[in-house]
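> Compute the structure for the input listed below.
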Amino acid sequence: MPSTEETELLWQQFKRGDWEAYTKLYNQNIKLLTNYGHKFTRDRTLIEDTAQDLFIKLWASRASLGTPLSVKNYLYKALRSILFRKLEARARLSGRLYNYKNKTVTRARFAYRPYRGRVETLYADPWQYSA
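Got it, this is the predicted structure:
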């Protein structure tokens, strides 16, 4: 594990566009970041993709980045933030698919019943009928 001074020097070189420094930062931290990601999810592919996304974003925004007190902690926090956004988006999408699936199943149950027309009308305008 490199010293804090070495890591800070690599960070400064990386910010100036030094590809070798960027590669060293990546190689020194990728394993730590993927291990850290396992605290939040068991989805190895998601963790690895998130770590890759983090380093892509770092390279793209390197000129506007500040100098963190701890590069390692900065990377942990950034990974956690991106990972939580992805997990949240996945949960929202899963909820939508689940709700859509339930609605489809509900409609299928009424497909051959005599009240089919009223149910379809209710789906179209739920406020049409009062309770």
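> Pull out the buried residues from stretch 25-36.
25-26, 28-30, 33, 36 (16 or more other C-beta atoms under 10 Å). All C-beta spots, glycine's among them, are computed from the backbone N, C-alpha and C.
> mean confidence for that stretch?
Taken as a whole, stretch 25-36 has a mean pLDDT of 96.
> Touching it from outside, list them.
The contact list for stretch 25-36, computed with C-beta atoms under 8 Å, 6 or more residues apart in numbering, reads 1-2, 7, 10-11, 14, 44, 47-48, 51, 54-55, 71-72, 75-76, 79-80.
> follow-up on the earlier one: any chance of the buried residues of stretch 25-36 in JSON lines with secondary structure as columns?
Below are those laid out as JSON lines (DSSP: H, G, I helix; E, B strand; the rest coil):
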{"residue": "25", "secondary structure": "helix"}
{"residue": "26", "secondary structure": "helix"}
{"residue": "28", "secondary structure": "helix"}
{"residue": "29", "secondary structure": "helix"}
{"residue": "30", "secondary structure": "helix"}
{"residue": "33", "secondary structure": "helix"}
{"residue": "36", "secondary structure": "helix"}
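> Please identify the helix or strand for the residue nearest the centre of the chain.
Nearest residue to the geometric centre of the chain (C-alpha atoms, centre = their mean): residue 86, 1.7 Å. Per DSSP states H and E, residue 86 falls inside helix 71-109.
> Please name the residues that touch residue 15.
Counted by C-beta under 8 Å, 6+ apart, residue 15 has contacts 62-63, 65, 67.
> try it again with 10 Å
Neighbouring residues of residue 15 by C-beta atoms under 10 Å, 6 or more residues apart in numbering: 21-22, 58, 61-67.
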